[in-house]
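Trainee: Build me a structure from this.
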Amino acid sequence: MPSRFGRRMLIALGILLLVVGVLGGLGRVGWLPVGVWTGRIAAHHGALMVSGFLGALIGLERAVAWGRRWGYLAPILALVGSALLIGGAPRQWSAGVFLLSSALLGGLYARLYRRRPSLEMRVMGAGALCLLVAHGLWMLGFPYGQLVPWWMGFLVLTIAGERLELSRLLRLTRGAVVAFTLILLLAVAGYFLSVWNYGLGIRVEGAAYLLLSFWLLRYDMARRSVRQPGLSRYTALALLVGYGWLGVAGLIRLLWAGWPGQMAQDAALHAFFLGFVFSMIFAHAPIIFPSILGVSVAFGRFFYVPLVLLELTVALRVVGDLVVGFSGQRWGALLNALTLALFLETMAGSVIRGRRGTEAVREPVR
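Mentor: Have a look, this model is predicted:
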């Protein structure tokens, strides 16, 4: 396994990539001057955030869980593919490197499944296959718009699998597990349909996300842990709000699917990627980062500040997209970026306080 320093370097590069991706998003809404570099990162904003930052982050978490050196090639290649995009290399080169990264991630899940066969591991492995399909379509010349359902599938299946793993502690009924499986199969059907009939596929996918949000709000163990104090309550609240945003994204995809250029699509994507996915990141970062980095994190109420701001700024962004004549989209994007910066500062400050011996969090990677 790479040294602690090596893992910290990968996290540092991932955070740098997050910053670049966020700058690309600001460029898309006009906050940055148009130039060669800003235009490039704006054009590849989605790929840098999902295939790059999130692909590297999830790949690193899985590599730590596996504990073998070759597993770290998945997050490393995700960073290399991002560097190629930022540097202006041909798109096929980046897509090829990302394809290899996602194939290695799939291999990690296959190894982990052999170690501990379970439905949740199959679900997370299917998420890695969605990422592999996205990169395969990218290499074949499909536009970013048709990659988005598969990118979303990668994240939905990864998160859903992880939450199912923890919800097993509640001894789910057979009916609940069957419902969970059917909902995810519906989502996967939507991904495949979107390749041939984009509008229909997105509607099916949206219906699945709406149902999945209800399932998670009903069966996820966050419903119980929200009653506990400290970090458990913070994590549970972030998760529950994130599930709400998944439902919002699903509803918008269901109602406004297949209308290119409509601001509703921007609302759905940011309700999903910012409201849902980043709520998951905010929830788990105080738990996962200490395990990966080998540091202690001092949890405190100050963690609620960026969490509350995230939800408010995502709401501003979504409402700004949906309400004609309201400029909330542009300001929401800027405030989203500032909120992410505040969260990174909060995490850094909590590590410093943890070194001083304040109440620290050290938990194993799940």
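Trainee: for the stretch 101-250 of the chain, what spans make up the strands?
Mentor: Using DSSP state E, counting those that start in this stretch, the stretch 101-250 of the chain contains no strands.
Trainee: what's in contact with stretch 170-186?
Mentor: Here stretch 170-186 makes contact (C-beta atoms under 8 Å, 6 or more residues apart in numbering) with 119, 123, 126, 156-157, 160, 164, 204, 207-208, 211-212, 215, 219, 221, 224. In this view, the C-beta of every residue, glycine as well, is placed from N, C-alpha and C.
Trainee: For PyMOL, what selects the buried ones among those?
Mentor: Entered in PyMOL, the line below selects the buried ones among the contacts of stretch 170-186, by 16 or more other C-beta atoms under 10 Å:
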select buried, resi 123+126+156+157+160+164+204+207+208+211+212+215+219+221
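Trainee: Spatially, which two of the contacts of stretch 170-186 are the most separated?
Mentor: The largest separation in those, counting by C-beta to C-beta, is between Val204 and Arg224 at 31.8 Å.
Trainee: Mind checking which of the contacts of stretch 170-186 are in helices?
Mentor: Among these, the members found in helices (DSSP state H) are 119, 123, 126, 156-157, 160, 164, 204, 207-208, 211-212, 215, 219, 224.
Trainee: Can you name the residues in contact with the strand or helix carrying Pro290?
Mentor: Element membership for Pro290 (DSSP states H and E) is helix 278-293. With C-beta under 8 Å, 6+ apart as the test, helix 278-293 has contacts from 4, 7-8, 11, 57, 60-61, 64, 159, 231, 234-236, 238-239, 241-242, 245, 295-297, 299, 303, 306-307, 310-311, 340, 343, 347, 350-351, 354, 360-366.
Trainee: try stretch 155-165
Mentor: Under the criterion C-beta under 8 Å, 6+ apart, residues 50, 54, 58, 118-124, 126-128, 130, 180, 184, 187, 209, 212, 216, 220, 239, 246, 273, 277, 280, 366 lie in contact with stretch 155-165.
Trainee: for it, the distance to its chain's centre please.
Mentor: Here stretch 155-165 is found 11 Å from its chain centre; the criterion is C-alpha atoms, centre = their mean, to the nearest Å.
Trainee: Any stretches of the stretch 201-350 of the chain with poor pLDDT?
Mentor: Within the stretch 201-350 of the chain, the stretches with pLDDT under 70 are 257-262, 324-326.
Trainee: quick one, helices of it?
Mentor: Assigned by DSSP state H, counting those that start in this stretch, the helices in the stretch 201-350 of the chain fall at 222-225, 231-256, 263-270, 278-293, 304-322, 328-355.
Trainee: swap in the stretch 1-150 of the chain?
Mentor: 4-28, 36-43, 45-47, 55-66, 73-87, 91-115, 119-139, 144-167.
Trainee: Can you name every helix or strand that the first one contacts?
Mentor: In this case it means helix 4-28. Packed against helix 4-28 by the contact rule (3 or more C-beta pairs under 8 Å, 6 or more residues apart in numbering; DSSP states H and E) you find helix 36-43, helix 45-47, helix 55-66, helix 73-87, helix 278-293, helix 328-355.
Trainee: Which among these is found nearest to Tyr191?
Mentor: With C-beta to C-beta, the closest approach to Tyr191 among those belongs to helix 45-47: 16.0 Å.
Trainee: Give me the residues contacting that closest one.
Mentor: Contact with helix 45-47 is made by 21, 24-25, 27-28, 82, 85, 94, 98, 138, 144, 147-148, 151, as judged by C-beta under 8 Å, 6+ apart.
Trainee: And for stretch 59-78?
Mentor: Contact partners of stretch 59-78, identified using C-beta under 8 Å, 6+ apart, comprise 1-2, 6-7, 10-11, 14, 51-52, 55-57, 97-98, 100-102, 104-105, 108-109, 111-112, 288, 291-292, 365.
Trainee: Quick check on these: which are buried?
Mentor: Neighbour-count burial (16+ other C-beta under 10 Å) applied to the contacts of stretch 59-78 gives 2, 7, 10-11, 14, 51-52, 55-57, 97-98, 100-102, 104-105, 108-109, 112, 288, 291-292.
Trainee: burial count for Thr181?
Mentor: Other residues within reach of Thr181, judged by other C-beta atoms under 10 Å, total 14.
Trainee: Ile76 too?
Mentor: For Ile76, the tally of surrounding residues (other C-beta under 10 Å) stands at 20.
Trainee: before we move on, what about Leu73?
Mentor: Using other C-beta under 10 Å, Leu73 has 18 neighbouring residues.
Trainee: cool, Val226 as well?
Mentor: A count of neighbours around Val226, defined by other C-beta under 10 Å, yields 15.
Trainee: That's all I had, so thanks and see you.
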